[in-house]
Every structure is written in structure tokens, then in C-alpha cells.
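Based on what follows, work out the 3D shape:
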Amino acid sequence: MLFSIEPNVWLQLGLMAFILVMIGVLIESLHCVFKNFREDKLWAFVPLIVCLLSIPAPLMAGAKLKSYLFQYRLPMYTEVVNRVQASNENYEGELTSVELKEDENHLAYVVFAIKEEEVLYVEFVTGGGFPVKHTGYIYSQSGNIPNGSKINERWPKKKRWKISDNWYGFSG
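So this is what the prediction gives:
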């Protein structure tokens, strides 16, 4: 669940170890069914059912929590976007790193901005994993990401989804 909210390499390694443990628990719960079915009847399936339900539950909960966390942090993301729009920095044509304030460091590992055809895009990279996999959010001033733009080259349609009018999520 934590990995789906804010992925990083250390959580991913811990998750790999946890998966190995879960495989052992799954095998033991199957053994429990065959060993105890005659005595316990349907109760012998309880460990197996619990084990199988414990796999999708954190994934669904993680997706909901990630959505909630985005909505909670949206005013802070918007504040960064407003600061980028108000700055005298030239973001025209080139992806440029944006410095976060000390109290904004929890929002993203790195923030980039680019202006193409008078449209500002701000990319917040909020997580990563191994092999190179990043997740985060994109602000589009126009609400669209056109084909041929640098943001579209970085995060094509198959790796991003629309969250709201001007916001996209990405993963890939």
C-alpha cells in the first residue's frame, strides 16, 4: 500500500521480500486445506481465503489513498505552479528544473517546467522505483498535452491519465 502511494527503491526491495514471505504463507495455507479439510470442512479454507484477499486489498486501498493524498496536496502543488507562472525564469522550449522551498520538499523529488507554444507544463516527480520507473503529476495550463510536445514525448498517453481539468498523473 505504501509503495503505491509514494514508490521508492527501498519500499520496492522490502515489498520483494514480503512477496517471498507471502508465497510461503500461500503454500502453507494450501497445505492447511488438504491437511485439515476432513476435520474442519470449510473452516480449512479460511487461511487460504485470507491470504488471497490480502493481495488485492492493499492495492485498492493504496490507489484510494494516493488519490486522497493528491487532493490534499493540490493547493500546495497549485502554489508551486503559481510561483512558476509568476517567475521571470525562461521556461521556453527546454525542460528546466524548478527549486522547491524547504517546506515543499515533501511534494516531489524533482520538479520540471517547460513552456511550449505559450502553454506552461509543470511536472512533479513524486516517486520512483527499479528499474527506472517514475510516478508523479503534470500540470497543463491549457488542460491538454498535444502530440509532438516534449511532455507528450516524456509521458505518452499510455503512461498518463487525466485527473482533473489541468492535471494528469503519470507512471512509467
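
low-confidence ranges in the chain?
1-9, 12, 131-132 (pLDDT under 70).

Try it again at 80.
Low-confidence regions of the chain, defined by pLDDT under 80, span residues 1-16, 19, 36-38, 40-42, 55-63, 128-133.

hey, which strand is longest across it?
Among the segments of the chain that qualify as a strand by DSSP state E, the longest is strand 119-129.

Show me what the helix or strand following that one is packed up against.
Moving toward the C-terminus from strand 119-129, the first helix or strand encountered (DSSP states H and E) is strand 133-140. In this structure, strand 133-140 makes packing contacts with helix 56-86, strand 119-129, strand 167-171, judged by 3 or more CB pairs under 8 Å, 6 or more residues apart in numbering; DSSP states H and E. For glycine as for every other residue, the C-beta is placed from the backbone atoms N, C-alpha and C.

Assumed residue 112 was part of a strand.
Yes - remark: residue 112 belongs to a strand, assigned using DSSP: H, G, I helix; E, B strand; the rest coil.

Pull the contacting residues for it.
95, 96, 97, 98, 122, 123, 125 (CB atoms under 8 Å, 6 or more residues apart in numbering).

Contacts only, for residue 113.
If you count contacts by CB under 8 Å, 6+ apart, residue 113 has them with 84, 89, 91, 95, 96, 98, 120, 121, 122, 123.

bridging residues for it?
For residue 113, the beta-bridge assignment (DSSP bridges) gives partners residue 96, residue 122.

a markdown table for the helices and strands packed on strand 133-140, including mean neighbour count and distance to residue 22?
Shown next, in a markdown table, are the helices and strands packed on strand 133-140 (neighbours: other CB atoms under 10 Å; distance: least, CB to CB, whole Å):
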| stretch | mean neighbour count | distance to residue 22 |
| --- | --- | --- |
| helix 56-86 | 14 | 11 |
| strand 119-129 | 21 | 19 |
| strand 167-171 | 19 | 23 |
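
Serialize these to JSON lines and add fields for distance to residue 32.
As requested, those are exported to JSON lines (distance: least, CB to CB, whole Å):
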{"stretch": "helix 56-86", "distance to residue 32": "20"}
{"stretch": "strand 119-129", "distance to residue 32": "34"}
{"stretch": "strand 167-171", "distance to residue 32": "37"}
